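Participant: any chance you can model this:
(2 chains)
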Amino acid sequence: MPLDSRAALDATNAVTGIPRDAHGPVFREPWEAQAFAMAVTLHARGLFTWKEWAAALADEIKSAQASGDPDTGETYYRHWLATLEKLISAKGVTTTDTLHRYRDAWDHAADRTPHGSPIELRPDDFGN
Amino acid sequence: MTGHDHDHHHHENEHSELSETELRVRALETILTEKGYVDPAALDLLIETYETKVGPRNGARVVARAWADPAYCARLLKDATPAIAELGYAGRQGEHIVALENTPALHNMVVCTLCSCYPWPVLGLPPVWYKSASYRSRAVKDPRGVLADFGFKLPDGTDIRVWDSTAEIRYLVLPMRPVGTEDWSEERLAELVTRDSMIGTGLAKQPHEVS
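Facilitator: Sure thing, here's the model as predicted:
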């Protein structure tokens, strides 16, 4: 399936709450667009349906609200990201441990990268 | 190429910063790429379609104000960081922005290696080609050719200068104001200001290109 803005627009129509304007989704920060694009890609690959995604996202938002999330709209993509992590773990694409290991490796990469250079991941960022 | 001789090396030894969220997003993308679920190039292409939909794009407002208000324009060109802050847009820590004015005689173009402090709140999403080291170096060696690739032919009489962003200095190109916009409001003017016009790989839109 071609991955294009049409697929993205379908997502915007299928999943409630996506911040948008008249033309489609809008993002507060670049990482939000990345998280959105990854979900659109995984959907296009058939990893989940939008119905499934919307249910998982709703669960995520509900449990965040139960623990005091103010739900101002600014946290929408935080929930989106958490949903992405949980869903791909549930589908056996990866594990929570692997997600943590890669997160720590990127942290290590940022630490050793001088200010002003692009941050790139190297094998030795994974440590032990 | 950078042509600056200010002394802004105060944080040269500092390491890069990624927020907790950015770390998680990068971890996800790396894993999904390694597993073959996503193609980073295709992801970039999709994200690129949202170029005008990411962040506040404060730079467009800054350019529009500079076009509309000569005194502001002068302050911006003299010292852009406080001029940008005047409009309520605080830069990130250590961010120092220099404004470069395009004129009929001189065209400025900016390249950048995309470190973690790219000023996206001002400029919006960076172009995908910034990730290509070979394309960036070609932009420095043959800027006219690169501009031609983007469908933008610089007049023969216009000199071109390429600025390479550093850890200390970021650039905002002040594009030329399109003719026929003399009585336009700042708000309308801002609609003419594209990301590409603020990094010098394109011109501001012409009045007929916006409704």
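Participant: ranges for the strands of chain B?
Facilitator: Taking DSSP state E as the test, the strands found in chain B are B:97-101, B:106-111, B:159-164, B:170-174.
Participant: which parts of the first one are buried?
Facilitator: Neighbour-count burial for strand B:97-101 flags B:97-100 (criterion: 16 or more other Cβ atoms under 10 Å in any protein chain shown). All C-beta atoms are positioned from the backbone trio N, CA, C, and that covers glycine.
Participant: pLDDT below threshold where in chain B?
Facilitator: B:1-14, B:91-94, B:211 (pLDDT under 70).
Participant: apply 50 and report the result again.
Facilitator: Within chain B, the stretches with pLDDT under 50 are B:1-13.
Participant: do chain A as well
Facilitator: Across chain A, the ranges flagged by pLDDT under 50 are A:1-2.
Participant: how about it: which residue is closest to chain B?
Facilitator: Per Cβ to the nearest Cβ, residue A:116 is where chain A lies closest to chain B, at 2.4 Å.
Participant: so how many other residues sit close to the nearest residue to that residue once chain neighbours are set aside?
Facilitator: Distances taken as Cβ to Cβ, 6 or more residues apart in numbering or on different chains place residue B:167 nearest to residue A:116, at 2.4 Å, with adjacent residues excluded. By other Cβ atoms under 10 Å in any protein chain shown, the residues close to residue B:167 number 21.
Participant: you'd agree residue B:167 is up against residue B:116?
Facilitator: No: counting by Cβ atoms under 8 Å, residue B:167 does not reach residue B:116; the two are 10.2 Å apart.
Participant: list the contacts of residue A:79.
Facilitator: A:57, A:60-61, A:64, A:69 (Cβ atoms under 8 Å, 6 or more residues apart in numbering or on different chains).
Participant: one more time with 7 Å
Facilitator: Going by Cβ atoms under 7 Å, 6 or more residues apart in numbering or on different chains, residue A:79 touches A:57, A:60-61, A:64.
Participant: buried stuff in the longest helix that chain B contains?
Facilitator: Longest helix in chain B by number of residues (criterion: DSSP state H): helix B:20-34. Using 16+ other Cβ under 10 Å as the test for burial, helix B:20-34 gives B:22-32.
Participant: is any residue of it near chain A?
Facilitator: Yes: interface with chain A: helix B:20-34 contributes B:21-32 (Cβ under 7 Å from any Cβ of the partner chain).
Participant: count of neighbours near residue A:27?
Facilitator: 22.
Participant: correct me, but it touches residue B:54?
Facilitator: Yes: contact status for residue A:27 versus residue B:54: in contact at 4.6 Å, counting by Cβ atoms under 7 Å.
Participant: which residues do the two both contact?
Facilitator: residue A:33.
Participant: need the contact list for residue B:171.
Facilitator: B:98, B:100, B:110, B:163, B:165.
Participant: among those residues, give me the pair with the biggest separation.
Facilitator: B:100 and B:165 (11.5 Å; Cβ to Cβ).
Participant: isn't residue B:25 up against residue A:36?
Facilitator: No: if you go by Cβ under 7 Å, residue B:25 and residue A:36 don't touch, sitting 10.6 Å apart.
Participant: which one in chain B is furthest away from the centre?
Facilitator: residue B:35 (33.1 Å; Cα atoms, centre = their mean).
Participant: I'd like the distance between it and residue A:101.
Facilitator: Plainly put, residue B:35 is 14 Å away from residue A:101 if you go by Cβ to Cβ, to the nearest Å.
Participant: repeat for residue A:7
Facilitator: 30 Å.
Participant: before we move on, what about residue A:63?
Facilitator: As judged by Cβ to Cβ, residue A:63 and residue A:101 stand 25 Å apart.
Participant: and what of residue B:62?
Facilitator: 42 Å.
Participant: what sits up against stretch B:71-87?
Facilitator: B:61-62, B:65-66, B:91, B:96-99, B:101, B:122, B:172, B:174.
Participant: can you redo those residues as TSV with distance to chain A?
Facilitator: Shown next, in TSV, are the contacts of stretch B:71-87 (distance: Cβ to the nearest Cβ, whole Å):
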residue	distance to chain A
B:61	16
B:62	19
B:65	23
B:66	25
B:91	14
B:96	12
B:97	14
B:98	15
B:99	20
B:101	24
B:122	13
B:172	17
B:174	23
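Participant: out of those, the closest to residue B:190 would be?
Facilitator: For the contacts of stretch B:71-87, the nearest to residue B:190 is residue B:61 (5.4 Å; Cβ to Cβ).
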